[in-house]
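Chemist: mind folding the following:
(2 chains)
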There are 2 protein chains.
Amino acid sequence: MKNEERLVKKITQKSKDFSKWYVEIIKKAEMADYAPIKGMMVIRPYGFAVWENLQNLLDLRIKETGHSNAYFPLFIPESLLEKEAEHLEGFSPEVAWVTHGGKEELEERLAVRPTSEAIIGNMYSKWIKSYRDLPVLINQWANIVRWEKVTRPFLRTTEFLWQEGHTVHETAEEAQKETMMILELYKEFAESELAIPVISGIKTEREKFAGAEATYCVEALMADGKALQMGTSHFLGQHFSKVFNIRFEDRNQKLQYGWQTSWGVSTRLIGAVVMAHGDDSGLKLPPRIAPIQVVIVPISGGDWQKTVLPVATRIKDELKQAGIRVKLDHREEFTPGWKFANWEMRGVPLRIEVGPRDIKNNQAIAVRRDTGDKTPVALDELKEKVRATLADIQKSLLKAAFKYQQDNSYEVDNFEEFKSVLENQRGLIKTFWCGASACEDRIKNETMGTIRAVLLDKDKSGKANGKCILCGKETDKLVYFARAY
Amino acid sequence: MKNEERLVKKITQKSKDFSKWYVEIIKKAEMADYAPIKGMMVIRPYGFAVWENLQNLLDLRIKETGHSNAYFPLFIPESLLEKEAEHLEGFSPEVAWVTHGGKEELEERLAVRPTSEAIIGNMYSKWIKSYRDLPVLINQWANIVRWEKVTRPFLRTTEFLWQEGHTVHETAEEAQKETMMILELYKEFAESELAIPVISGIKTEREKFAGAEATYCVEALMADGKALQMGTSHFLGQHFSKVFNIRFEDRNQKLQYGWQTSWGVSTRLIGAVVMAHGDDSGLKLPPRIAPIQVVIVPISGGDWQKTVLPVATRIKDELKQAGIRVKLDHREEFTPGWKFANWEMRGVPLRIEVGPRDIKNNQAIAVRRDTGDKTPVALDELKEKVRATLADIQKSLLKAAFKYQQDNSYEVDNFEEFKSVLENQRGLIKTFWCGASACEDRIKNETMGTIRAVLLDKDKSGKANGKCILCGKETDKLVYFARAY
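Modeler: Residues are numbered from 1 along each chain as shown, chains lettered A, B, ... in the order given. Modelled structure (predicted):
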């Protein structure tokens, strides 16, 4: 058995055992590794480079929409976290508590932030005095700790990295507008950069953020038919401003409580990228976030170091100068075949092969990771062709993911069919729900399906009313059900 | 009293009470604020923007020298931290301990990372098998917690942000070379970007990093005559690789322990910038790291919104397009005078004033924050002049800081004079020291002066030997003494 085969053969097939495939790919591609602390992981350089690309692209959007970054403390005194009762109740089972500093026991326990509404609310109450101080539009990139029982790399870990936006506005309308603007921003970001199509909507009472008035979300369908929450945007109303006393003098010299929002996405998005695009040969990274967009593999043999390598190096320099993230793999201890398999596993969007015969023909061979297509490209057209191909791969990945989503979306109005779809095909089910938590709970217990999102009016495309999938009551709530991560 | 005066008058004079001035400036310029947790601060958007600029400029250098970023867990199990005895002893008084996850008490306490050698060493032992895996060149941007007794914003806080590089090499020579390369990189970075001249050298046994074989440092002299450690680069030898079992098969198929380095700089650098350049009117930010490089203040009066504002806006757009970080302050509720004082306090390097008379003359007035110089500039030359002036301000700040350092450096060979300088002038004293911890301790007790760095041979410029400032013993150790932060 050849090296390259051995490398690939060791990967569990995606269709056979999705969970096992997922973890193997992440470890073999050196995206992440398990840490010696329960539920924690190390993000290795290759995985972290994906995060850095993703972070830069999102940070740009966050700043372009008027927000600034800041940094708030990692620790939140227990008394602060207790102020908003619903918030505390939601998070307290997941909090890691610091009880000692050095040799001394602390007078008050400190929560390692499970989210930052409380500590930020406390600061905002000091900073905000007048309507002139509003809106406050702050974002934070930070690490978060939640004591999770069941964990999986990137998708659910005791510690993760995220961004959390926290804004304060003069009116409910402005805060609502911000909430929706961010929801759209997340949607556009997921589709443009991660090549993952998402559905969006509002969460039910059961599923909303602890302390929010309303939680909006973007969700995507993964390759195993389960839905993944990709990001949330919360309209907090005045819940936190009332408990943290965030008040301002309005335009009529009256004291008012501020209207707030908060919103976030996390390193979970990396897990989404792995699951949405990967296949039996490994990762498929969208070019926009791939740490290496193009890998050049010189075909060894003969005196390739004198003939092929200089051409390969020239190609590398040319692509690098054009702003393309390129790597030349000229290691001698591996065969070209091994390298092909290795870089396919790591999801590099485009491979360029150059051998002695190609050089004679003044060409190179471009091989797409997404389709496997091999195309000879004239060397003097390479830069333009590479750029165009990368753009095309980005588009194709989104198109394929969108097709998968469409093929696995169902409209169902009969509970037996509903159960059967969730049990056999999985996927997204669009149906009506009466709005009662009792129905929601029973459906969850019987089918493991949860309401991922209640469609917003603008997305209902004419469907005004229908009957609840469980109780049959007339309702205007059109929802997406799925089994979820 | 006018608004603008009131703003400035409220600032304590730098020469009267340096400590008070420092904290006031940081709060008034909205760089940072105290958090409701002992010793912790919030880095506000203006301060965080300085950090982001500084981080981008340093990250570029770290990557250009072949390092990649990664992310390791926040928590370190107590048993891992205990493995290197010296390391544990050095850090255990400063560790914040997590003892509970949710409602459950943990079986083993978790340290909130005070530095990451232990957790990273543990992972490296899994990843490194062969000399082919070396060097490992990884950096991490992360938050760090040390339970400090006395804290001050940016300079010493219970939580801070930093980067920590952790590398593994085949040989002692390579690790030593890396240690020195990073030391030079920090030096160049401090001088080029922060406009702060530094001295460098090696730490004494008393002052070195707990667990290192040798600690190299860059130190700068602050405006109150005290030294501040700006960054450290540690040659770790095989201390950690032996306890964490980081072994590799060498080129002769023999198992060897890896040779390691670690190195870091932190948000403390922001404090250094404040102290090194600021004056009685507030901050003076070096243009390379200033969040706002140019502020445009339209002179109000008459129908300025129809006449002056369009010109000011055009200038803003032109400068922005040229890649300059520019802000147009067209707020109506403040007078130009108030704005001048406000942006001076925030340390914006260059102010551009435009009034009706300037427009008639087709010019604007450029006012430098560092010198106060006012220069009329023709509008069609503005972009080039602004660019040149910003470069000149950057150079001038470094020059002024260097002059201050020179003016406050002393060469002393008599202990009475030594005591008098440290008591009265402060500053840096270059002198000889015998190498004995006893002398080092006695000097510290009597003068509050510590050895900031033992000069490297290459920096000794011919001075081979001299007598210890305290005991008079002949020695080749030329050192810098100072009182320090």
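Chemist: A:S200: what's it in contact with?
Modeler: Going by C-beta atoms under 8 Å, 6 or more residues apart in numbering or on different chains, A:S200 touches A:L183, A:K187, A:Y216, A:C217, A:V218, A:E219, A:A453, A:L456, A:D459. Quick note: C-beta positions are derived from backbone N, CA and C, even for glycine.
Chemist: now do the SS call for the first one.
Modeler: Put plainly, it is A:L183. Per DSSP: H, G, I helix; E, B strand; the rest coil, the local secondary structure of A:L183 is helix.
Chemist: isn't it up against A:V218?
Modeler: Yes. A:L183 is within contact range of A:V218, at 6.8 Å (criterion: C-beta atoms under 8 Å).
Chemist: helices or strands next to the longest helix along chain A in the packing?
Modeler: Counting residues, the longest helix found in chain A (DSSP state H) is helix A:382-407. Judged by 3 or more C-beta pairs under 8 Å, 6 or more residues apart in numbering or on different chains; DSSP states H and E, helix A:382-407 is in contact with strand A:214-221, helix A:268-277, helix A:304-321, strand A:350-354, strand A:363-368.
Chemist: give me the contact list for the last one.
Modeler: Okay, so that is strand A:363-368. A:315, A:340, A:349-354, A:358, A:373-379, A:382, A:385-386, A:389, A:393.
Chemist: can you name the element that comes right after that strand?
Modeler: As assigned by DSSP states H and E, the chain's next helix or strand after strand A:363-368 is strand A:374-378.
Chemist: partner strands of that following strand, with direction?
Modeler: Strands that pair with strand A:374-378, judged by DSSP bridges, come out as strand A:363-368 (antiparallel).
Chemist: quick one, the strand it pairs with and helix A:304-321 angle?
Modeler: Orientation check (axes from the mean of the first three to the mean of the last three C-alpha atoms, to 10 degrees): strand A:363-368 against helix A:304-321 gives 60 degrees.
Chemist: Throw the helices and strands packed on helix A:382-407 into JSON lines and include mean neighbour count and mean pLDDT, thanks.
Modeler: Output for those, formatted as JSON lines (neighbours: other C-beta atoms under 10 Å in any protein chain shown; pLDDT from 0 to 100):
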{"stretch": "strand A:214-221", "mean neighbour count": "25", "mean pLDDT": "98"}
{"stretch": "helix A:268-277", "mean neighbour count": "25", "mean pLDDT": "98"}
{"stretch": "helix A:304-321", "mean neighbour count": "16", "mean pLDDT": "95"}
{"stretch": "strand A:350-354", "mean neighbour count": "23", "mean pLDDT": "97"}
{"stretch": "strand A:363-368", "mean neighbour count": "19", "mean pLDDT": "98"}
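Chemist: among those, which is nearest A:L58?
Modeler: helix A:268-277 (8.9 Å; C-beta to C-beta).
Chemist: most centrally placed residue in chain A?
Modeler: A:L269 (1.9 Å; C-alpha atoms, centre = their mean).
Chemist: who's in contact with that one?
Modeler: Applying C-beta under 8 Å, 6+ apart, the residues near A:L269 are A:L54, A:A190, A:L194, A:M230, A:G231.
Chemist: isn't A:G47 right up against A:M31?
Modeler: Yes. Counting by C-beta under 8 Å, A:G47 touches A:M31, with 3.4 Å between them.
Chemist: what do these two both touch?
Modeler: Contacts common to A:G47 and A:M31, judged by C-beta under 8 Å, 6+ apart, are A:F154, A:I270.
Chemist: how distant is stretch A:76-96 from the center of its chain?
Modeler: Between the centre of stretch A:76-96 and the centre of its chain there are 26 Å (C-alpha atoms, centre = their mean, to the nearest Å).
Chemist: could you do stretch A:34-51 as well?
Modeler: 15 Å.
Chemist: and stretch A:345-359, by the same measure?
Modeler: Mean C-alpha position of stretch A:345-359 versus that of the full chain (C-alpha atoms, centre = their mean) differs by 29 Å.
Chemist: the host helix or strand of A:V168 and chain B in contact?
Modeler: If you go by DSSP H and E, A:V168 is part of strand A:159-169. Yes. Counting by C-beta under 8 Å from any C-beta of the partner chain, contacts between strand A:159-169 and chain B involve A:E159, A:L161.
Chemist: can you give me how far that strand is from the chain middle?
Modeler: 14 Å.
Chemist: tell me the pLDDT of the closest residue to chain B within the stretch 151-300 of chain A.
Modeler: Residue nearest to chain B within the stretch 151-300 of chain A: A:E159 (5.3 Å; C-beta to the nearest C-beta). A:E159 carries a pLDDT value of 97.
Chemist: relative to A:R113, how far out is it?
Modeler: 11 Å (C-beta to C-beta, to the nearest Å).
Chemist: who has more neighbours out of those two?
Modeler: A:R113 (26 against 23; other C-beta atoms under 10 Å in any protein chain shown).
Chemist: doesn't A:V145 make contact with that one?
Modeler: Yes. Using C-beta under 8 Å, A:R113 is in contact with A:V145, at 7.0 Å.
Chemist: thinking the residue of the stretch 151-300 of chain A closest to chain B is in contact with B:I76, fair?
Modeler: No. Assessed by C-beta under 8 Å, A:E159 is found out of contact with B:I76, at 11.9 Å.
Chemist: common neighbours of those two, please.
Modeler: Common neighbours of A:E159 and B:I76 (C-beta under 8 Å, 6+ apart) do not exist.
Chemist: which residues in the stretch 51-200 of chain A form helices?
Modeler: For the stretch 51-200 of chain A, helices defined by DSSP state H, counting those that start in this stretch occupy the ranges A:78-81, A:85-91, A:117-127, A:172-192.
Chemist: now tabulate those in CSV and tack on distance to A:P135 and mean neighbour count.
Modeler: As requested, the helices of the stretch 51-200 of chain A are exported to CSV (distance: least, C-beta to C-beta, whole Å; neighbours: other C-beta atoms under 10 Å in any protein chain shown):
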stretch, distance to A:P135, mean neighbour count
helix A:78-81, 23, 18
helix A:85-91, 22, 17
helix A:117-127, 11, 23
helix A:172-192, 7, 19
